[in-house]
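Novice: Predicted model and sequence follow; I will ask about them next.
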Amino acid sequence: MIKKILVIKLKNIGDVVLTTPALRRLRKRFPDAHIAILVKKGTEELLAGLPYLDEIIVLAPSSGFFLYALRKKGFDLSIDLSGGGDRGAFLSFFSGARYRVGYDPQGKGMWGKRFLYTHLIEPSNIREHVIDYNLKAIDYVIGSILKTKPCASIDERMPELFVSDEDTNSIKRILSMNGGNDYSQRACFAKGIVTIHPTSRWLFKCWRDDGMAEVADYITTRYNYKAVFTCGADTKEKDRVKRILSLMKTSPQDLSGQLSIRQLAALIKMSNLFIGVDSAPMHIAFSVGTPIIALFGPTGWWAWGPFGKHDIVLHKELPCQPCGKDGCNGSKHSRCLDEISTDEVIQAVDKQLQHV
């Protein structure tokens, strides 16, 4: 009997967010089990408040004490959704779980990695969304260990985050202090808010600065929405936002580098529209149900893009895309992004805001 389950996801924020459909399906099949997730530090905040989890374990620096404490928890089943690296397999083995499920490394990673699992899933050779990659592992557990048939619906593929009243009130106060407006009501502007997150920690994923400036001006002048810019705390990201703002004719609200990840989630949930690139905030917007315009370049939109009813993904089908490289020929600029025209993005804005 499986009483305690460990899910391992040692990836970045966006990857962890896209794990939530798998956690939800796991809870549905194991309603009485204790379900824990092991994640990297800095990714745990967005999982707080989810009803599918009983415990969030943050990976500590490698130590015998951490491994001992993990093993003492007495997990019956571990599911490694990390992929790629070796740590997930290593920690799955040291958890002492009787059933240890992971994807077949197919010769990649450290020698003998595949033997650290008791059950191996064959990777798919077709284009597959990360959400489906995670769900496949849960369905494997259901079929191979529970010996029952997986039963899923389209709705079960949607990611989910919990935004607390405290987070919402916090962002309202920040907006009021920065903009001098009363954000106690969402209708503080004639129409509402559009959050624009133009950066990623990997700048080769970013679209053209002049294009983003023109789109933000259009949102304000054409629709009377307030453009609110956000980005990470890294200096390169903040400098990128400054360049965009310097090209604008209107005055957006600049919250770049000022928000915690939970405050950012609250802002995005309050917004009428989110515009951004392949980054964690885009996945957050997907999870809180805010309509999205996502611009994709070197990374695969089919694997990472949102697929909500009101989401729009803009990308160019070039022979080299997706390459996952740091810009074309190491230039830090990606042709597949640069070729997305400003008019295409503005047309997407029209479609989204006219719908709202």
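Specialist: Here it is on my side, so go on.
Novice: CA only for contacts and neighbour counts going forward, please
Specialist: OK.
Novice: following the host helix or strand of Ala285, which helix or strand shows up next?
Specialist: Taking DSSP states H and E as the criterion, Ala285 maps to helix 280-288. Scanning forward in sequence from helix 280-288 by DSSP H and E, the next helix or strand is strand 292-295.
Novice: Show the average pLDDT along that next one.
Specialist: Average pLDDT, strand 292-295: 98.
Novice: and it, what does it pack onto?
Specialist: Contacts defined by 3 or more C-alpha pairs under 8 Å, 6 or more residues apart in numbering; DSSP states H and E place strand 292-295 against strand 273-277, helix 280-288, strand 312-314, helix 342-355.
Novice: what's next to that strand, contact-wise?
Specialist: The contact list for strand 292-295 (C-alpha atoms under 8 Å, 6 or more residues apart in numbering) reads 207, 273-278, 282, 285-286, 305-306, 310-315, 337, 345, 348-349.
Novice: one more time with 6 Å, if that's ok
Specialist: By C-alpha atoms under 6 Å, 6 or more residues apart in numbering, the surrounding residues in contact with strand 292-295 are 273-277, 311-314.
Novice: And that strand, how far out from the chain middle?
Specialist: How far strand 292-295 lies from its chain's middle: 13 Å, per C-alpha atoms, centre = their mean, to the nearest Å.
Novice: Could you do stretch 232-243 as well?
Specialist: Put simply, stretch 232-243 sits 20 Å off its chain's centre (C-alpha atoms, centre = their mean).
Novice: again, but for stretch 213-233
Specialist: 22 Å.
Novice: before we move on, the earlier item: among the helices and strands packed on strand 292-295, which is nearest Val194?
Specialist: Nearest to Val194, of all those, is strand 273-277, at 4.9 Å by C-alpha to C-alpha.
Novice: What strands line up against the closest one, and which way round?
Specialist: strand 192-197 (parallel), strand 292-295 (parallel) (DSSP bridges).
Novice: buried sites along stretch 272-286?
Specialist: 272-286 (16 or more other C-alpha atoms under 10 Å).
Novice: start to end distance for that stretch?
Specialist: 13 Å (C-alpha to C-alpha, to the nearest Å).
Novice: ok, back up a step: can I get the helices and strands packed on strand 292-295 in CSV with mean pLDDT and distance to Asn134?
Specialist: CSV is the format used below for the helices and strands packed on strand 292-295 (pLDDT from 0 to 100; distance: least, C-alpha to C-alpha, whole Å):
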stretch, mean pLDDT, distance to Asn134
strand 273-277, 98, 22
helix 280-288, 97, 15
strand 312-314, 97, 22
helix 342-355, 94, 30
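Novice: Just want the angle from the helix holding Ala285 to strand 192-197.
Specialist: Helix 280-288 runs at 140 degrees relative to strand 192-197, counting by axes from the mean of the first three to the mean of the last three C-alpha atoms, to 10 degrees.
Novice: Give me the packing partners of helix 280-288, helices and strands only.
Specialist: If contacts are counted by 3 or more C-alpha pairs under 6 Å, 6 or more residues apart in numbering; DSSP states H and E, helix 280-288 sits against helix 13-17.
Novice: how far out from the middle of the chain is the helix or strand following the helix it packs on?
Specialist: Helices and strands here follow DSSP H and E; after helix 13-17, the next one along the chain is helix 20-29. Distance of helix 20-29 from the chain centroid (C-alpha atoms, centre = their mean) equals 17 Å.
Novice: Stretch 206-220 too?
Specialist: Distance, centroid of stretch 206-220 to centroid of chain: 23 Å (C-alpha atoms, centre = their mean).
Novice: Stretch 322-336 now?
Specialist: 21 Å.
Novice: again with stretch 284-295
Specialist: The answer for stretch 284-295 is 10 Å, by C-alpha atoms, centre = their mean.
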